[in-house]
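Q: Kindly return the folded structure for what I paste below:
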Amino acid sequence: MIRLEHVTKFYKHRGQKRYIAKDVSFTVPRGNSIGLIGRNGAGKSTLLKVIAGTIRPNSGRILRYARVSFPLGFAGSFNPALTGEQNVRFVARIYQHDTNQLIDYVRDFAELGKAFYMPVKTYSSGMKARLAFGVSMGIEFDYYLIDEVTAVGDKRFRVKCREAFEKKLEHSDIIMVSHSVGNLKEYCTTGIVLEGGELTYYSNIDDAVKVHNENMKFEYRP
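A: The predicted structure is shown next:
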């Protein structure tokens, strides 16, 4: 499981604190895939990065009693000066995964060709997404964090990504951020609504979507 204990995350905008999470204590259970829902600017992607550990909260702590992926769709974790291969090697060491095995898997899966041996700063956004997706599919995680992207590339490659992703979900859970209600309902059984720095958990994704739609009828003023 993942446990948030008194987590606060904010950023300053024009001298004012804008809260993503405000003294939040919450346990993310195993066995359910969760849709993280909220209005634009609520901080869904930021919260996903906090859960992943790619950015730190201002206060509080995250306890991870599970293997948690970096957010799929977030390519900022790659060092742009390193090649795709070197980045994969680095990630393998972080997650204590067999380096050569992961390199072979990602090279074949991402289908980047010679670009796999070129600096990531030369990649297009689609190429970065392929690399990130390949790395995440090459490592076994208990939780996969999904930020809008579940497949990239042409139709054939999207089918390939979808098949790999669905195979992972046979044994793993996801926390998904998406503006597509269809995607949320397809992959998620439960939901968390993020509104005004507060998290509210719903055991049914339909209930979470309904509450979010009600929230959207009113302008949020921090």
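Q: Which parts of the chain are strands?
A: Using DSSP state E, the strands of the chain run over 2-13, 16-28, 34-38, 59-64, 143-147, 173-177, 190-195, 198-202.
Q: tilt between the element among helices and strands of the chain having the smallest mean pLDDT and strand 173-177?
A: Between all helices and strands in the chain, the lowest mean by mean pLDDT, DSSP states H and E belongs to helix 155-168, at a mean of 84. If you take axes from the mean of the first three to the mean of the last three C-alpha atoms, to 10 degrees, helix 155-168 sits at 130 degrees to strand 173-177.
Q: Need the phi and psi values for residue 111.
A: Backbone geometry at residue 111, expressed as degrees, to the nearest 10, gives phi 50, psi 50.
Q: in the protein, which ranges drop under the pLDDT threshold?
A: Scanning the chain with the threshold set as pLDDT under 70 gives 73-76, 149-153, 219-222.
Q: what about the residue nearest to residue 79 when sequence neighbours are not counted, how many neighbours?
A: Excluding the flanking residues, the one nearest residue 79 by C-beta to C-beta, 6 or more residues apart in numbering is residue 87, at 6.0 Å. Heads up, the C-betas are built off the backbone N, CA and C, glycines and all. Counted with other C-beta atoms under 10 Å, residues neighbouring residue 87 total 24.
Q: Residue 137 is in contact with residue 165, correct?
A: Yes: here residue 165 lies in contact with residue 137, judged by C-beta atoms under 8 Å, at a distance of 7.2 Å.
Q: List the buried residues for stretch 166-184?
A: Of all the residues in stretch 166-184, those buried under the rule 16 or more other C-beta atoms under 10 Å are 168, 172-178, 183-184.
Q: Can you convert those into TSV and add a column each for distance to residue 72?
A: Output for these, formatted as TSV (distance: C-beta to C-beta, whole Å):
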residue	distance to residue 72
168	11
172	12
173	14
174	9
175	11
176	9
177	10
178	11
183	13
184	15
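Q: Which member of those residues is positioned nearest residue 39?
A: The closest of the buried residues of stretch 166-184 to residue 39 turns out to be residue 177 (C-beta to C-beta; 12.2 Å).
Q: Please verify my assumption that the closest one contacts residue 146.
A: Yes: assessed by C-beta under 8 Å, residue 177 is found in contact with residue 146 at 6.8 Å.
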